[in-house]
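*Asks:* Here is my input; please provide its structure:
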Amino acid sequence: MVEIITEQINESEERKSSIESRIRTWLKDPYNLALVLLAVFVIILYLYYFFKLGTQPIWWDEGDYLSIGKELAFNRARPEWWAGFLKIRPLVLPIIFAAFFKLGIGELPIRFFTELFPALVSIFLIYIISKELFNKKIALIAAFLISVNWVFMFYTFRLLTDIPSLLFAALSLYFFWVKYEKPILKGMNEKPIYLWLSIAFGVLAFLTRYVTALTLIVIAAYMIVTKRFSLLKNKNIWITLVIALLCFTPYFAYNYITKGAENTGIYKIFPALRWYHGDEATAPHRAFAWNTLTFHLPNFFKSFSLIFFTIGSLVLLELFLYLDIVLKQKDRSKNNLLFCFLGILIPLGYFIFGIRAVDARYFIATAPLMFAAAGLGIDFVSRKISKIFKMKYLYFLIVLAIIFAIGYQQLTVSNEFIVSRMTSYQEIREGGIWLKENTPPDAAIITASVTQNQYYSERQSYSHNTNDTIFAACTVQDENLITSLSTNESCQRETEAAFNRKVMRIGADYYVLSVFEPVFTPQWAYSYPERYNLTMVKAYAQGNQPILVIYKYPENFNAFAFEQQ
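*Replies:* Residues are numbered from 1 along each chain as shown. Sure thing, here's the model as predicted:
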């Protein structure tokens, strides 16, 4: 018995020694050591902001996903805007939130598991993808660039779809390029399971945030260019299409059941398409959105990063020197350039000529290949300069100088942007929590901040808008596509009358007036409490400036009786 125990101890020590030896050998590679240092830096940086921000007040879109998540978790009555939510937003993130709420998990852990952890994993996946596209040097640069990018950092701490959808998109690219396509380019046998996983994660990315469908389009475009008619002869491609269809089917079926009767054609199964590209869309009817290139893309990258992203994109144009060879696949060594090029060209083309309305955070969805290109640009410039001066370590000095400059610029912007907004909507949260603690569960609340209030108060929250045609007729839109209620006297009078009919129909109990959401607050709403004798029950102010006031409706409220007095 003693000999057996001694033998097991020796085997354990040998395994431990072997693991330690492999780790030491792995760390001898300076690029692996740099990866470890980068990981430590990123984890410390992101944990610092995570605990600094905590459960910061939520914004409108966050409230949309979170409040719907609560309704799904606890099977409550659907909010007034449920149909509008389904019209423009996918359901994956609310379903994930619902699972956490059902398990009794609080908001801070939800933020960790749905935003912070996916962000950290995404950075690592971008490193792997960039390494397999190019090399370790470019991969390290790309991972650093995304980790300090101000837009990526800001939305890591917001309960929105951007980061979760990026994780799924990065997984889709990882399984396609790293596990499926790259081995084929090396002459190894095709492993279709990785292609199927790539498509499954691509569909999941799309069902989390619609714009990440661009990932699937990039993959499809690459396969069409490189394989062309041979795709039709590959049974694994047909299996892949079936798997994709099966992944989409639950979503399309749900849309057909819930929205099919009120739509026609493809809108029966994909109603959001009407909002973004159909007769309800506004942006596609504008001129081409060249400001994607002149404003939003520069805003996403900022000056230093943009310079090297542009250089990297130009380096990719080397592809066209070998275009005939690439198209005929006589030499597949340039396929990485093709894949990266398509990953930039297709999203930019869509943002400019397709949706024609975009802001900086849209680029998060296409980040993996864009930051690989930026890393390529920094590597290219550093190599060229170091060759001119023929200095052994000049390359690394140049790279360090560039990424230090980029890091300083990005982190400065990130910190300012994150900290300046960490208490925005604070009064909305406090008011919602007060309503939760001081009103009956069946209370009906009127507020312009319907989604946030619904989440915090867990009470049915209603907007000033109604389904009456007068609201639609009196809605106007400015040059930035922002809609609001016309200030026309007739519109103001008639919309208020329609609102009062709604108040009596739903039996409104409380009326919340605030400085937030002015676009959704009609002019008559500000004087409404005084004119209809509502009772103030709670107020929040900053100095002498009222920020949010909660009023209570009189019992048996009759708005039209007040008008006759």
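*Asks:* Give me the nearest residue to Glu115, chain neighbours excluded.
*Replies:* Ile163 (5.1 Å; Cβ to Cβ, 6 or more residues apart in numbering). To be clear about C-beta, it is placed using only N, CA and C from the backbone, and glycine gets the same treatment.
*Asks:* Run through the residues that contact the one you found.
*Replies:* With Cβ atoms under 8 Å, 6 or more residues apart in numbering as the criterion, the residues that contact Ile163 are Thr114, Glu115, Pro118, Ala119, Ser122, Phe152, Tyr155, Thr156, Ile364.
*Asks:* cool, Gly407 as well?
*Replies:* Phe144, Val148.
*Asks:* these two touch, right, Ile470 and Ala498?
*Replies:* Yes: between Ile470 and Ala498 there is a contact under Cβ atoms under 8 Å: 5.4 Å.
*Asks:* any common contacting residues for those two?
*Replies:* Counting by Cβ under 8 Å, 6+ apart, nothing touches both Ile470 and Ala498.
*Asks:* re earlier: tell me which helix or strand comes right after the host helix or strand of the residue nearest to Glu115.
*Replies:* Under the criterion of DSSP states H and E, Ile163 resides in helix 162-173. Once the chain leaves helix 162-173, the next helix or strand it forms, by DSSP H and E, is helix 182-185.
*Asks:* And the next helix or strand past that next one?
*Replies:* Helix 182-185 is succeeded, C-terminally, by helix 192-208 (DSSP H and E).
*Asks:* Can you pull the poorly scored residue ranges out of the stretch 401-550 of the chain?
*Replies:* By pLDDT under 70, the weakly predicted segments of the stretch 401-550 of the chain are 478-482.
*Asks:* all strands in it, in order from the N-terminus.
*Replies:* 444-446, 460-462, 475-477, 483-485, 510-514, 535-542, 545-552 (DSSP state E, counting those that start in this stretch).
*Asks:* Pick the most deeply packed of these.
*Replies:* Highest mean neighbour count of the strands of the stretch 401-550 of the chain: strand 460-462, a mean of 25 (counted as mean count of other Cβ atoms under 10 Å).
*Asks:* what's near enough to touch Cys247?
*Replies:* Cys247 makes contacts with Ile199, Ala200, Val203, Leu204, as judged by Cβ under 8 Å, 6+ apart.
*Asks:* and it, how far is that from Val92?
*Replies:* Distance of Cys247 to Val92, given as Cβ to Cβ, to the nearest Å: 12 Å.
*Asks:* shared neighbours of those two, anything?
*Replies:* Common neighbours of Cys247 and Val92 are listed as Leu204 (criterion: Cβ under 8 Å, 6+ apart).
*Asks:* so who does the closest residue in space to Phe520 that isn't next to it in sequence touch?
*Replies:* Nearest non-adjacent residue to Phe520, counting by Cβ to Cβ, 6+ apart: Ala448, 4.4 Å away. For Ala448, the contact set (Cβ under 8 Å, 6+ apart) comprises Ser463, His464, Val512, Ser514, Phe516, Glu517, Pro518, Phe520, Thr521, Ala525.
*Asks:* how far away is Ala448 from Glu494?
*Replies:* Between Ala448 and Glu494 the computed distance is 19 Å (Cβ to Cβ).
*Asks:* same thing with Leu35?
*Replies:* Computed as Cβ to Cβ, the Leu35 to Glu494 distance reads 64 Å.
*Asks:* Outline the domain layout of the chain.
*Replies:* Domain assignment of the chain by automatic domain parsing yields the ranges 54-420, 426-564.
*Asks:* How much space separates the residue nearest the centre of the chain from Phe154?
*Replies:* Centroid-nearest residue in the chain: Asp162, 1.0 Å away (criterion: Cα atoms, centre = their mean). Using Cβ to Cβ, Asp162 is found at 9 Å from Phe154.
*Asks:* same deal with Ala508?
*Replies:* 36 Å.
*Asks:* Provide a complete list of residue ranges assigned to helices in the stretch 451-565 of the chain.
*Replies:* 469-473, 489-506, 524-531, 559-564 (DSSP state H, counting those that start in this stretch).
*Asks:* Quick one: closest of these to Val413.
*Replies:* helix 524-531 (35.2 Å; Cβ to Cβ).
*Asks:* Check which residues of the closest one are buried.
*Replies:* Trp524, Ala525, Tyr528, Pro529 (16 or more other Cβ atoms under 10 Å).
*Asks:* Show me what it packs onto, helices and strands only.
*Replies:* Applying 3 or more Cβ pairs under 8 Å, 6 or more residues apart in numbering; DSSP states H and E, one finds that helix 524-531 contacts helix 489-506, strand 510-514.
*Asks:* got the CA positions of it in PDB?
*Replies:* Taking Å, rounded to 0.1, in the frame of the first residue of the first chain, the C-alpha atoms of helix 524-531 are listed here in PDB:
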ATOM      1  CA  TRP A 524     -48.300  70.300 -22.900                       C
ATOM      2  CA  ALA A 525     -46.800  67.600 -20.600                       C
ATOM      3  CA  TYR A 526     -44.800  70.200 -18.600                       C
ATOM      4  CA  SER A 527     -47.800  72.200 -17.400                       C
ATOM      5  CA  TYR A 528     -50.100  69.100 -17.300                       C
ATOM      6  CA  PRO A 529     -49.800  68.400 -13.500                       C
ATOM      7  CA  GLU A 530     -50.800  71.900 -12.500                       C
ATOM      8  CA  ARG A 531     -53.600  72.200 -14.900                       C
END
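*Asks:* Need the contact partners of it.
*Replies:* So helix 524-531 is contacted by Ala448, His464, Gln492, Thr495, Glu496, Tyr511, Leu513, Leu534, Met536, Val549, Tyr551, Phe562 (Cβ under 8 Å, 6+ apart).
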